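Student: Next comes the sequence, and after it the predicted model I'd like to discuss.
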Amino acid sequence: MTMNAASYSSVVSHSAFRSLDTKLSPSSSGIPSLIRVTCHSDCNKSTSQASLLLCRSSNNGWKGMLGGASSWDTLPRRNLIGQTSYSVSTTTYGGVAIESPSHIAEEKVGVLLLNLGGPETLNDVQPFLFNLFADPDIIRLPRLFQFLQRPLAKLISVLRAPKSKEGYAAIGGGSPLRKITDDQALALKEALDAKGLSSNVYIGMRYWYPFTEEAVHQIKRDGITRLVVLPLYPQFSISTTGSSIRVLQHMFREDASLSKLPVSIINSWYQRQGYIKSMADLIEKELQSFSEPKEAMIFFSAHGVPVSYVEDAGDPYRDQMEECIYLIMQELKARGINNEHTLAYQSRVGPVQWLKPYTDETLVELGQKGVRSLLAVPVSFVSEHIETLEEIDMEYRELALESGIKNWGRVPALGLTPSFITDLADAVIEALPSAKAMYASTSTSEEEHDLLRYLVKMFFGSILAFILFLSPRMITAFRNLI
Ligand SMILES: C=CC1=C(C)c2cc3[nH]c(cc4nc(cc5[nH]c(cc1n2)c(C)c5CCC(=O)O)C(CCC(=O)O)=C4C)c(C)c3C=C
Ligand SMILES: [Fe+2]
């Protein structure tokens with residue numbers, strides 16, 4: 001049996017998806033459709049949301065008939081790219097009905113892209129910086145001093161704003177991050193559509209519009225039933241992905257319906273083949289712009305974090321970054337590209353020690369050592385932003401040229417590179433089946449445990465209260481004795 005109509009909608013296991021991919025052909029309308037799943041009697045009963053939407057037959061083919069309508073909301077929403085939904089109902093096939101057509105299981109897939117956010121105008125710079133420095137994952141104060149977080153954020157943001165503004169003014173008066181992330185979200189939605197998955201893609205920025213909190217409210221309003229969280233940072237850091245996930249955890253813990261929503265979080269994805277190959281493609285291409293491509297040193301410049309994140313707080317960022325560079329270089333070597341390479345960390349802020357070596361110091365050293373051609377590769381972020389457009393392209397380039405480097409190149413950020421977007425879509429599809437409620441309701445054994453803990457506390461609390469209640473009298477009585 002073949003799928004005789006188009007559809008983009010489904011949430012099925014990854015293996016299921018691969019098969020689905022090969023069997024479905026896009027509809028003439030291209031509109032995500034209602035799926036009617038038809039099953040032989042050997043199909044599982046469709047009692048749960050995801051993996052049972054389509055049924056695999058004994059000969060490993062898909063049994064289903066797709067067609068129908070879609071509910072496509074055309075209203076533009078702040079955080080939302082596309083708005084689709086589908087319903088799945090079982091119907092008859094081969095004369096055996098396993099579910100009545102009236103039994104409709106609905107699945108609405110959401111993808112939440114997490115990103116940092118950036119000021120859109122120069123007036124946004126100081127409040128944006130305030131949000132950034134008010135984040136306890138960015139300025140990590142000891143618990144005792146946490147009451148100082150917001151006043152300190154105010155002070156630092158006001159002090160830093162003039163320098164930051166200069167940077168944003170130099171790249172056109174604001175951050176390009178929102179526009180690029182919007183475009184990436186749309187491209188991802190289309191890539192998912194093309195692979196047969198209808199979804200709503202949302203953007204949640206940590207420090208500027210559209211905020212993560214807004215995106216989560218929209219996800220709730222839209223009745224999303226399964227969510228994949230995809231941070232747009234290839235490597236995990238407490239200060240980026242970790243901070244955004246903390247916001248989500250807080251919101252999901254506080255809300256009964258969100259706490260039950262199946263969610264799959266992709267913590268990091270720097271090791272994915274699609275990402276590594278896309279980075280290698282960009283590097284390979286950019287090396288060709290040098291008159292002597294083999295002579296150019298590949299200079300990976302990663303965003304830094306304070307050393308204490310890695311050494312005291314256990315941030316895996318440095319390890320992941322080093323592994324990421326290793327994987328990219330392996331891929332290049334497999335292509336016969338054996339250029340020298342190095343890794344350094346940029347964009348440090350404040351007086352504390354950050355990950356070393358620092359980009360600026362390394363550039364000077366390389367110039368002194370006689371390196372003449374250098375290809376800068378930004379590696380912690382997938383969009384152009386102030387630190388590529390201003391810091392690398394202007395400040396570091398100038399420093400490199402002053403230090404004796406003659407030929408300078410820079411690899412663009414991945415942006416909308418098709419192989420990269422396709423890989424993100426694959427990552428989403430692979431993550432879907434493992435979605436789980438973030439805060440499942442407590443099980444009976446946990447409830448019993450809680451009750452026991454409560455009783456123990458009550459017992460010792462009562463003894464303490466009794467002692468405290470008696471103690472003045474006991475002291476008085478004792479005194480009277482003397
Ligand atoms: C002060 C601590 C900071 C840490 C830790 C940090 C980690 C970190 N940041 C990124 C990515 C970006 N940061 C961006 C801007 C930016 N970051 C900080 C501070 C820390 N970042 C500041 C003060 C700023 C504002 C700009 C400035 O004044 O220098 C951006 C740019 C957004 C844009 O508007 O274009 C990105 C992207 C990563 C990946 C990271 C840790 C791994
Ligand atoms: Fe930063």
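Tutor: The structure has been received and is ready for your questions. Ligands and ions are numbered 1, 2, ... in the order given.

Student: which residues of the stretch 51-200 of the chain score low on pLDDT?
Tutor: Applying pLDDT under 70 to the stretch 51-200 of the chain flags residues 51-105.

Student: in it, which spans are helices?
Tutor: For the stretch 51-200 of the chain, the helices defined by DSSP state H, counting those that start in this stretch cover 125-133, 149-170, 177-194.

Student: nearest to ligand 1, of the ones you listed?
Tutor: Nearest of those to ligand 1, taken as CB to the nearest ligand atom: helix 149-170 at 3.5 Å. For glycine as for every other residue, the C-beta is placed from the backbone atoms N, C-alpha and C.

Student: Put together JSON lines for the helices of the stretch 51-200 of the chain, with distance to Leu375 and mean neighbour count on each row.
Tutor: JSON lines is the format used below for the helices of the stretch 51-200 of the chain (distance: least, CB to CB, whole Å; neighbours: other CB atoms under 10 Å):
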{"stretch": "helix 125-133", "distance to Leu375": "30", "mean neighbour count": "21"}
{"stretch": "helix 149-170", "distance to Leu375": "22", "mean neighbour count": "15"}
{"stretch": "helix 177-194", "distance to Leu375": "22", "mean neighbour count": "20"}
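
Student: Distance to Val364 added to these, as CSV?
Tutor: As requested, the helices of the stretch 51-200 of the chain are exported to CSV (distance: least, CB to CB, whole Å):
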stretch, distance to Val364
helix 125-133, 28
helix 149-170, 21
helix 177-194, 30
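
Student: quick one: Gln353 and Pro306 touch, right?
Tutor: Yes: counting by CB atoms under 8 Å, Gln353 touches Pro306, with 6.7 Å between them.

Student: Tell me which of the helices of the stretch 51-200 of the chain approaches Tyr358 most closely.
Tutor: helix 149-170 (17.5 Å; CB to CB).

Student: related to what we said a few turns ago, between Gln353 and Pro306, who's got more neighbours?
Tutor: Taking other CB atoms under 10 Å, Gln353 and Pro306 do not tie; Pro306 has more neighbours (21 against 13).

Student: Check the gap between that one and ligand 1 for me.
Tutor: According to CB to the nearest ligand atom, to the nearest Å, Pro306 and ligand 1 sit 6 Å apart.

Student: next one: Ile337
Tutor: Taking CB to the nearest ligand atom, one finds Ile337 at 26 Å from ligand 1.

Student: Go ahead and confirm that residue touches Leu287.
Tutor: Yes: in terms of CB under 8 Å, Ile337 counts as a neighbour of Leu287; the distance is 7.1 Å.

Student: And these two? Which one has more around it.
Tutor: With neighbours defined as other CB under 10 Å, Ile337 and Leu287 compare such that Leu287 has more, 21 against 17.

Student: Once you drop chain neighbours, what's closest to the more buried one?
Tutor: Nearest non-adjacent residue to Leu287, counting by CB to CB, 6 or more residues apart in numbering: Pro293, 4.2 Å away.

Student: which residues touch Glu292?
Tutor: Going by CB atoms under 8 Å, 6 or more residues apart in numbering, Glu292 touches Ser373.

Student: Now do the same contact list for the spatially closest residue to Phe133 that is not a sequence neighbour.
Tutor: In this structure, Phe133 finds its nearest non-sequential neighbour in Ala153, 3.8 Å apart by CB to CB, 6+ apart. Neighbour list for Ala153: Phe130, Asn131, Leu132, Phe133, Ala134, Ile139 [criterion: CB under 8 Å, 6+ apart].

Student: Return the residues in contact with the second one.
Tutor: If you count contacts by CB under 8 Å, 6+ apart, Asn131 has them with Ala153, Arg206, Tyr207, Trp208.

Student: I'd like the residues you listed as CSV, with distance to Gly174 and secondary structure appended.
Tutor: Listed next are these as CSV, based on distance: CB to CB, whole Å; DSSP: H, G, I helix; E, B strand; the rest coil:
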residue, distance to Gly174, secondary structure
Ala153, 21, helix
Arg206, 17, coil
Tyr207, 14, coil
Trp208, 10, coil
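
Student: Report whether stretch 267-275 contacts ligand 1.
Tutor: No: applying CB under 6 Å from any ligand atom, one finds stretch 267-275 out of contact with ligand 1, separated by at least 11.0 Å.

Student: Buried ones in that stretch, by neighbour count?
Tutor: Within stretch 267-275, the residues that count as buried by 16 or more other CB atoms under 10 Å are Ser268, Trp269, Tyr270, Arg272, Gly274, Tyr275.

Student: Now, those that are in helices?
Tutor: Using DSSP state H, the members of the buried residues of stretch 267-275 that fall within helices are Gly274, Tyr275.

Student: Tell me the residues on the stretch 301-450 of the chain that lie near ligand 1, please.
Tutor: Applying CB under 6 Å from any ligand atom, we find that the stretch 301-450 of the chain lies next to ligand 1 at His303, Val305, Tyr317, Val349, Ser380, Phe381, His385, Ile386, Glu387.
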